[in-house]
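Chemist: after the sequence you'll find the predicted model.
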Amino acid sequence: MKLVELASTIRSKNAGVDHVTFDVICRDRANFERVRDSHALNPASVARLFGVDEARVTDFVVFEPANAIKFTIRRLRPSGSMGESDLFGAQQYAPLFDVEIA
Amino acid sequence: MKTVRIITPTGHLGTTPLETASFERGCAESPDFIVADSGSADIGPYPLGADRAASDEVWQRHDIEAMLVAARRLGIPLILGSASDTGTDRGVDQYVRLVREIAAEHRLPPFRLAKIYSEIPVDDVRRRLKDGGTLRGLNGRPDADEATLGRTDRIVAVMGTEPIRDALRSGAEVVIAGRSSDCAIFAAPLLEAGHSAADAFFCGKAMECASFCGEPFMGKETILGRVDGTGVYLTAMHPDQRCTPASVASHAMYERLNPFREYVPGGYLDMTHCCYEQADDKTTRVTGQTFVPSATTWIKLEGSGKVAERALFIAGIRDPYTIANLDRAIGWAKGKLAERFGPIGQGYDVFYHVYGRDAVMQAMEPTPARAPLEVGIVVEVVCADAARAETICHIAGKNLFYARLPDVKGTAGTAAIMSDEVLHARAAYEWTLNHVLEVADPRELFRSRLETIDGTARS
């Protein structure tokens, strides 16, 4: 099943001026456990998905109280630098939709 | 311990207007304070660097008027943080002017106002560096040096609770603060009432974006926070919104590197062992947070500096052959620029933002482009000289119209020009400082002034 069918929220947003953070939140505890236990999301897999060095994945947390998985990617340049395309980092999450969850 | 009730109607005062119905409902809950954050770093480095508000004064006035009039009617303090988006001295002065104008319009009886400035001259920071101070880079940034400061036009220090507590203690009924830690403006009155740092900062953390901590998703609706010694209680004031364990917990991780720690001057809030429970239909209670004090005090500095002037040009392409060979077409256009103006990156820069392909995600886009029906291209040129930026941008855009591809059928123009003009853009700035500076006293970078505002005085 694809992640988009199991998660109720999949979002991205600036976390400070140097990072974009991604939140995958499940409404339902069973869905969350399925996503968590599949290990389909991990620092290496999200680095691969977004084509970045794993060193740029600065944080990866399973956040039980919110039924959520959260990870953060370091930007190459601070938000709003010349050439910027997503000042708020708000439209970087879409590739997560199609991640296959066993 | 005294129960303290705080309401907040907006997570970013002034961006778009607060919703008055849920705010009035909050005012009916006997609040002790009205608090709102007006700051954001999401708006990019331009507003701080150029010292311009990002928000429209029409909405800033709207929100301040609603809160000031309610606070004076209820006889409770109003605390506004990070005045006018960036919290520069200009922002503080602008908000004080708005307060004065609104007080006169409503003929508000005299009240005490504290303004707290947080802008620091670049030279002051330079002096601290020379005197052996360290500007420690946050989240993987290198420490700042003389060269970093050389690229910086404007700096604000981010205050913690101390200057705001001082203002409340001196009798201020309205506090207009420069750049402030979002959660500190909420924590200050709670600490003054004797509540724990853990509850005070958690309450601030949960409330700083107002109704973002409730569900369903709504912006600009009022949230009531209550702290009574048995936990932090968060209640949604909109009739169709609730604060639930899921909504409050998911807000705890919003816009943050990691959901467990919130750093403030003097320590950090640890949310690792938070327990979220539904207290009543619209209220969630949170317990288990702790506060870990640090041995030294570090104050965050935000700095921005101008890089160059900027110009934009917009074009579209519909020809499937040109779209399939877009990189060659753009390559040709860039080659012509280099021929005329020298290598790109030396004295000027150009970016072709290809909407319909990878403008949004750029290098992070993993999906192979399916040939789109059409693409929109925004050409961005940056160059120290504004006139030269315009000249280069015009030709950088027009070169898409003249792009040479071997088998192109449309030989009368290879791009649709929306309007044959260069759009003036704001100058390019960059975030130069995202650093912390060690201080002996958490107040030393901030300047406070008290004044009386009398809306009944004849001007």
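Modeler: Everything's here; your move. Numbers count the residues shown, from 1 in each chain, chains lettered A, B, ... in the order given.
Chemist: how near is the nearest residue to B:Y117 once chain neighbours are set aside to B:D240?
Modeler: Spatial nearest neighbour of B:Y117, chain neighbours left out: B:R447 (4.5 Å); criterion: Cβ to Cβ, 6 or more residues apart in numbering or on different chains. The way it works is simple: take the backbone N, C-alpha and C, and place the C-beta from them, glycine included. To B:D240, B:R447 is 44 Å away according to Cβ to Cβ, to the nearest Å.
Chemist: who has more neighbours, those two?
Modeler: B:R447 (16 against 11; other Cβ atoms under 10 Å in any protein chain shown).
Chemist: my guess is that one contacts B:E119. True?
Modeler: No - using Cβ atoms under 8 Å, B:R447 makes no contact with B:E119, being 9.1 Å away.
Chemist: my guess is B:L312 meets B:S419, correct?
Modeler: No - contact between B:L312 and B:S419 fails when scored by Cβ under 8 Å: they sit 11.3 Å apart.
Chemist: which one of these two has more residues nearby?
Modeler: A count of neighbours by other Cβ under 10 Å puts B:L312 above the other of B:L312 and B:S419, at 18 against 9.
Chemist: close to chain A, is the helix or strand containing the more buried one?
Modeler: For B:L312, the host element (DSSP states H and E) is strand B:297-317. Yes - using Cβ under 8 Å from any Cβ of the partner chain, strand B:297-317 comes into contact with chain A via B:307-308, B:310.
Chemist: list the buried residues of the helix or strand following that strand.
Modeler: Using DSSP H and E, the helix or strand that follows strand B:297-317 in sequence is helix B:320-324. Of the residues in helix B:320-324, B:322-323 count as buried by neighbour count, 16 or more other Cβ atoms under 10 Å in any protein chain shown.
Chemist: state the mean pLDDT of helix B:320-324.
Modeler: Averaged across helix B:320-324, pLDDT comes to 95.
Chemist: pull the residues that contact that helix.
Modeler: Residues outside helix B:320-324 that contact it (Cβ atoms under 8 Å, 6 or more residues apart in numbering or on different chains): B:317, B:329, B:371-372, B:374-375, B:403, B:405, B:407-410, B:414-415.
Chemist: confidence score at B:P265?
Modeler: 93.
Chemist: wait, isn't it in contact with B:D441?
Modeler: No - applying Cβ under 8 Å as the test, B:P265 and B:D441 come out as separate, 10.3 Å apart.
Chemist: in chain B, what residue is nearest chain A?
Modeler: B:G44 (2.9 Å; Cβ to the nearest Cβ).
Chemist: where's that residue relative to A:R74, distance?
Modeler: For B:G44, the distance to A:R74 equals 18 Å [Cβ to Cβ].
Chemist: quick one: which of those two has more around it?
Modeler: Shown here are B:G44 and A:R74; by other Cβ under 10 Å, B:G44 has more neighbours (24 against 19).
Chemist: number of nearby residues for the closest residue to that one other than its chain neighbours?
Modeler: Nearest residue to B:G44, sequence neighbours excluded (Cβ to Cβ, 6+ apart): A:G80, at 2.9 Å. Residues lying near A:G80 (other Cβ under 10 Å) number 24.
Chemist: what strand or helix carries A:G80?
Modeler: Per DSSP H and E, there is no helix or strand for A:G80.
Chemist: who's in contact with it?
Modeler: Contacts of A:G80 by Cβ under 8 Å, 6+ apart are A:17, A:87, B:43-46, B:429-431.
Chemist: where's it relative to B:H106, distance?
Modeler: From A:G80 to B:H106 the distance is 38 Å (Cβ to Cβ).
Chemist: can you show me the helices along the chain?
Modeler: No chain specified, so I'll use chain A. Secondary structure of chain A (DSSP state H): helices at A:3-6, A:29-38, A:43-50.
Chemist: think we crossed wires, I meant chain B
Modeler: B:20-27, B:46-50, B:57-74, B:89-105, B:122-130, B:146-150, B:162-169, B:184-192, B:197-207, B:245-252, B:320-324, B:326-341, B:386-401.
Chemist: thought the residue of chain B closest to chain A was touching A:S79?
Modeler: Yes - using Cβ under 8 Å, B:G44 is in contact with A:S79, at 6.1 Å.
Chemist: if I look at the two, which residues touch both of them?
Modeler: A:L87.
Chemist: closest point of chain A to chain B, which residue?
Modeler: A:G80 (2.9 Å).
Chemist: measure that residue to B:G356 for me?
Modeler: For A:G80, the distance to B:G356 - Cβ to Cβ - is 23 Å.
Chemist: excluding its backbone neighbours, what's nearest B:S250?
Modeler: Going by Cβ to Cβ, 6+ apart, B:S250 has A:A66 as its nearest residue, at 4.2 Å.
Chemist: return the residues in contact with the one you found.
Modeler: By Cβ under 8 Å, 6+ apart, the neighbours of A:A66 are A:25, B:246, B:249-250, B:252-253, B:259.
Chemist: as TSV, the residues you listed with pLDDT would be great.
Modeler: TSV is the format used below for the contacts of A:A66 (pLDDT from 0 to 100):
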residue	pLDDT
A:I25	95
B:A246	92
B:A249	93
B:S250	90
B:A252	86
B:M253	86
B:P259	87
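Chemist: just those now: which is nearest A:R11?
Modeler: A:R11 lies nearest to A:I25 out of the contacts of A:A66, by Cβ to Cβ, at 8.0 Å.
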